[in-house]
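A.B. asks: For reference, the sequence and a predicted model appear below.
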4 protein chains.
Amino acid sequence: MIRLSFDIELKYEVAEQPADFVFNIHPARTPWQSIVNEVLVIEPPADSVLEDDALDNRYLRMRAGPGPVAVRYGATVDLDHYRESPGRLDEVSIAAIPPQVLPFIYPSRYCESDRLRRFAGHEFGHLRPGYWRVQAIHDWVKNRTVFTPGASNSSSSAMDTLVEQAGVCRDFAHLMITLCRAVNIPARFVSGIDYGAAPDLGPPDFHAYVETFLGDRWYLFDPTGISAPMGLVRIGTGRDAADVSLATIFGAVKAQPPRIVISALDDAAGGFHLPRHSVQALSTTVAESSGDAAAA
Amino acid sequence: MIRLSFDIELKYEVAEQPADFVFNIHPARTPWQSIVNEVLVIEPPADSVLEDDALDNRYLRMRAGPGPVAVRYGATVDLDHYRESPGRLDEVSIAAIPPQVLPFIYPSRYCESDRLRRFAGHEFGHLRPGYWRVQAIHDWVKNRTVFTPGASNSSSSAMDTLVEQAGVCRDFAHLMITLCRAVNIPARFVSGIDYGAAPDLGPPDFHAYVETFLGDRWYLFDPTGISAPMGLVRIGTGRDAADVSLATIFGAVKAQPPRIVISALDDAAGGFHLPRHSVQALSTTVAESSGDAAAA
Amino acid sequence: MIRLSFDIELKYEVAEQPADFVFNIHPARTPWQSIVNEVLVIEPPADSVLEDDALDNRYLRMRAGPGPVAVRYGATVDLDHYRESPGRLDEVSIAAIPPQVLPFIYPSRYCESDRLRRFAGHEFGHLRPGYWRVQAIHDWVKNRTVFTPGASNSSSSAMDTLVEQAGVCRDFAHLMITLCRAVNIPARFVSGIDYGAAPDLGPPDFHAYVETFLGDRWYLFDPTGISAPMGLVRIGTGRDAADVSLATIFGAVKAQPPRIVISALDDAAGGFHLPRHSVQALSTTVAESSGDAAAA
Amino acid sequence: MIRLSFDIELKYEVAEQPADFVFNIHPARTPWQSIVNEVLVIEPPADSVLEDDALDNRYLRMRAGPGPVAVRYGATVDLDHYRESPGRLDEVSIAAIPPQVLPFIYPSRYCESDRLRRFAGHEFGHLRPGYWRVQAIHDWVKNRTVFTPGASNSSSSAMDTLVEQAGVCRDFAHLMITLCRAVNIPARFVSGIDYGAAPDLGPPDFHAYVETFLGDRWYLFDPTGISAPMGLVRIGTGRDAADVSLATIFGAVKAQPPRIVISALDDAAGGFHLPRHSVQALSTTVAESSGDAAAA
């Protein structure tokens, strides 16, 4: 079992009119990722604070300002991954994809899989279907793309990343998702926080990675290779970054860079070990439909 | 009440290997659109035919071929629209948008609303929020865009249509949706069949139009102006055309153009009138979450 | 020596107002491609017919209509290619590129070489500079792209073709040009007519191919592989298709498909042989500046 | 007469291998813009320094490094603009456009005028041709676009700027050029240095603006409105920014921000006045072909 504790601090300056915020910074609740405790502080207290816990993603909405606004959220999360031997994981035929998973083979804002079908077929069409084909796509993206802050922007799509071969974590994720979908493998975008990234990449930050649907559930892949997938706290899942923006802001607002700290419990006696690389495939969720995960 | 009867014939020639098909040609079931009867014939009988009726969209999946495949679907549908006076319909504040509607203010594959925020603000930001602002967006799209088969293709997005000012019904719909989202009005794509299009536009065909969320439900808009919205049979709804393709095909398949016939019942004594233009806002659904509509 | 004779017939219907036309259908004059004879007939006679022979490209401008307009142009052209052994052809260092060739390492409308520098470096950066590196780019484009009429349109760029891996001759040419420029090899677009294309590709048509600057002159490459480069009549050269449109039309005009016939003289006694594949590099021009070629 | 003196300092750090540089920082020579004096210092002295003065643009090429490289260029330039009353300036018909001007109605890398023909026609097609129509395009771009450093990047094109309505001077220029070409008015990109920009925009910097061909010569427009066009020193002209990059670098090089100072002579007795806004149309060049301007 992995136990991760993190704190997020988001600071804003709202201009003359109150602004609306939609946050997606609460970790998801699944049978394999549970919230031990959490605390949310909004200063000054905001109007119409609304926490939606019923869906896969936990949204916090509020109206705040004018003036300074700070959102501090902290949580301790236990991760007890479902593990499977990669060689046992098959791709799912079109006919057998669960209805709530079907949308994840379609193109989305930043993942133009419709345009990459021939390209993906050329590169990966001849490989044997299954976990290792997904791993081959993961490796291809990792090897062909250079982690380059500033090379992309909020409009950059998988097609841009394919051509320009540079970007940040969300670009790596979009490209891997797109290539998977282009060969009919359901794939989705995950926002999260990662434990254990190399310190030379700067302070801890939000992260973006990938889940693909194999066998009967969603499995984790991180094409940036920044850290061990076992140390990824899942926050939001969606078709791509458009769905799980950490903060969507409506109004004239200046934001400071987020501050994040994260730590892992190393307590062998208590059953907790640090995240480490694993040869097994890892999952934190089945094909939940809206509301199921929370109820599980 | 409107009663529409239609028949769809789709013909394919599947090459050497069996192909997978995902169809979305069954009309949605809502409290305001009910199926009087329907019939589906697949020739020759296909493998693994699966009809998902639990979701908002009714998907038909099958594996068929090799060889010729014909899908014939017919239905009679009763439409008893929810009607409202436009002047009473307000936009919904961010804080009050139902969770299942929230995704429809985000950008999607063909609707890059993130890139059009300033443009939309410039054109529509000063208008009073509400139904009439949506109508102004509808009018702008209708007046600025020329219906031009061949001017766009399956990759064309709202941004292309904005710049090139030409396209077909799906392009009109994508542009209107995008401009609505860019001013924070939830909007979605609807596939359907329309009764009463001008005969000079060719034989009856599938159509694409728009629903925006106002007050407590989704209201119909058709920026092509091809026919009276009252004669639109709703099939699928989604973020954009990527979600509600009438037929998504996996495999080497040649398709013939679809054949569609549609008729409306004119029986005043029985309470049925022909579709006609109306000054009222029309809706066939509330903010259903997955599965709710069917259960209602 | 190669002697090719061809006739082009272009037919238009000009609507109510006279329209302006800019044609680029006359073969270029170079020391290695000479015009034996040519004839131009415009029916009915047009206003302000202007033939610019002073530049590399020979433009014909006219104002015509309303009503039917026919342009018939025929020529006999002798091609006595400059030939070189590929192994002796080096790339030219940035410092040594002639000034009038320098623009051909920059990006252009359909050739976004600025965006493909990393991609091209990854694929071709490690190869030894020279003719064989250009040949490797040629082979890569030929092998990765499927000749598919209808897959692209007049807006399609090299980046689209790279991603979608399908197109027609102009798309093949744009992609090869772009990859060359991205590794600093000057490359340009050539419009022409080809002798000897496989009959199953339809009747003779205009063609698009590539010239790259190696050593001290421009050498021919045709990444479609449709016919022997020796049978290509050079019409226009430019940065990409935007510069050498066969017909640019200003006004409301309906065009019929062009009709083209071409033949080659087979007269060994007279010194004329049919175009054939050659292991030598072929060129029809040095780094002419504007006006030089005609004067040569 | 205007007399402007400026100094440019460009500093680089070249990595392990020598790098090639192509600079376009020397002011153009025209009958209306003359160089009083100029000085170029390269430290340490570079290899293969080549100054091309024969073309419209004056290119400096050199190979330098490894290690630090500094290029300092200073010049004093006299501007004696050709001036014309706007009301007397007509657009030029397609048939009468000089051959060397013709390329400037075609689309280019950052100016997709082919895609904006309908848009431009809708906005400007009904206006009376001539200087005032160009001024209307200038005003439209100025009013619709917000000067926003960081909103665009080196890949941004006119279509992006049209949609996103934000950018820097090169984006303003590209959009104005594109809209002009889309209604068949030749337009080109000019790089330069401007005197008199508002100090709150930061220190003096390179600038980008527009020339359109009216009557028998090129006239200046600056859609950013940052300063009086009379204070613009013309450096390079081309189809768009791809042609007149101030520094194109081939190799691994780190650049510091350029440092620029500029001053204007105010000496009424000597015949020199400060740049000021003028109601007259200003030009510094006719339709030169390559080499003509320098010879004039």
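C.D. replies: Received it, and whenever you're ready, just let me know what you need.

A.B. asks: check contacts around residue A:192.
C.D. replies: The contact partners of residue A:192, taken as CB atoms under 8 Å, 6 or more residues apart in numbering or on different chains, are A:206, A:207, A:208, A:209, A:232, A:233, A:234, A:235. Bear in mind the C-beta positions are built from the backbone N, C-alpha and C, glycine included.

A.B. asks: three-state assignment of the last one?
C.D. replies: The one in question is residue A:235. Following DSSP: H, G, I helix; E, B strand; the rest coil, we place residue A:235 in the strand state.

A.B. asks: Could you do residue A:176 as well?
C.D. replies: helix.

A.B. asks: any idea how far residue A:144 is from it?
C.D. replies: According to CB to CB, to the nearest Å, residue A:176 and residue A:144 sit 11 Å apart.

A.B. asks: In the stretch 1-150 of chain A, what residue lies closest to chain C?
C.D. replies: Minimum separation of the stretch 1-150 of chain A from chain C (CB to the nearest CB) falls at residue A:118, amounting to 4.4 Å.

A.B. asks: Just list the residues touching that residue, thanks.
C.D. replies: C:146, C:164, C:165, C:166.

A.B. asks: Read off the pLDDT value for it.
C.D. replies: Residue A:118 carries a pLDDT score of 95 in this model.

A.B. asks: Helix or strand: which one has it?
C.D. replies: helix A:117-124 (DSSP states H and E).

A.B. asks: My read is that residue A:151 contacts residue A:166, right?
C.D. replies: Yes - look at residue A:151 against residue A:166 with CB atoms under 8 Å: they come within range, at 3.8 Å.

A.B. asks: what separates stretch A:39-50 from the chain centre, distance-wise?
C.D. replies: Between the centre of stretch A:39-50 and the centre of its chain there are 24 Å (CA atoms, centre = their mean, to the nearest Å).

A.B. asks: what's it in contact with?
C.D. replies: For stretch A:39-50, contacts defined as CB under 8 Å, 6+ apart pick out A:18, A:59-64, A:67, A:69-75, B:95.

A.B. asks: Counting neighbours, which of these comes out on top?
C.D. replies: residue A:64 (25 neighbours; other CB atoms under 10 Å in any protein chain shown).

A.B. asks: Double-check that one against residue A:21; I have them as touching.
C.D. replies: Yes - taking CB under 8 Å as the contact criterion, residue A:64 and residue A:21 are neighbours in contact, 6.5 Å apart.

A.B. asks: Which neighbours do these two have in common?
C.D. replies: Joint contacts of residue A:64 and residue A:21 (CB under 8 Å, 6+ apart) are residue A:12.

A.B. asks: From the centroid of chain A, which residue is nearest?
C.D. replies: residue A:190 (1.8 Å; CA atoms, centre = their mean).

A.B. asks: So that one belongs to a strand, correct?
C.D. replies: Yes - judged by three-state DSSP, residue A:190 forms part of a strand.

A.B. asks: Show the contacting residues for it.
C.D. replies: By CB under 8 Å, 6+ apart, the residues touching residue A:190 are A:173, A:208, A:209, A:210, A:211, A:220, A:232, A:234, A:235, A:236, A:237, A:244.

A.B. asks: Most neighbours among those residues, which one?
C.D. replies: residue A:173 (32 neighbours).

A.B. asks: Phi and psi next, for it.
C.D. replies: Phi and psi for residue A:173, reported as degrees, to the nearest 10, are phi -60, psi -50.

A.B. asks: Hmm, it is touching residue A:191, no?
C.D. replies: No - here residue A:173 does not reach residue A:191: they are 9.2 Å apart, not a contact under CB under 8 Å.

A.B. asks: okay, and the common contacts of the two?
C.D. replies: Here residue A:173 and residue A:191 have A:208, A:241 as joint contacts, going by CB under 8 Å, 6+ apart.

A.B. asks: What count of nearby residues applies to the nearest residue to residue A:121 once chain neighbours are set aside?
C.D. replies: Nearest residue to residue A:121, sequence neighbours excluded (CB to CB, 6 or more residues apart in numbering or on different chains): residue A:183, at 6.7 Å. For residue A:183, the neighbour count with other CB under 10 Å is 22.

A.B. asks: distance of residue A:183 from chain D?
C.D. replies: 28 Å (CB to the nearest CB, to the nearest Å).

A.B. asks: any idea of the pLDDT on that residue?
C.D. replies: For residue A:183, pLDDT reads 97.

A.B. asks: ok, now which ones touch it?
C.D. replies: Residues near residue A:183 by CB under 8 Å, 6+ apart: A:117, A:120, A:121, A:124, A:125, A:133, A:137.
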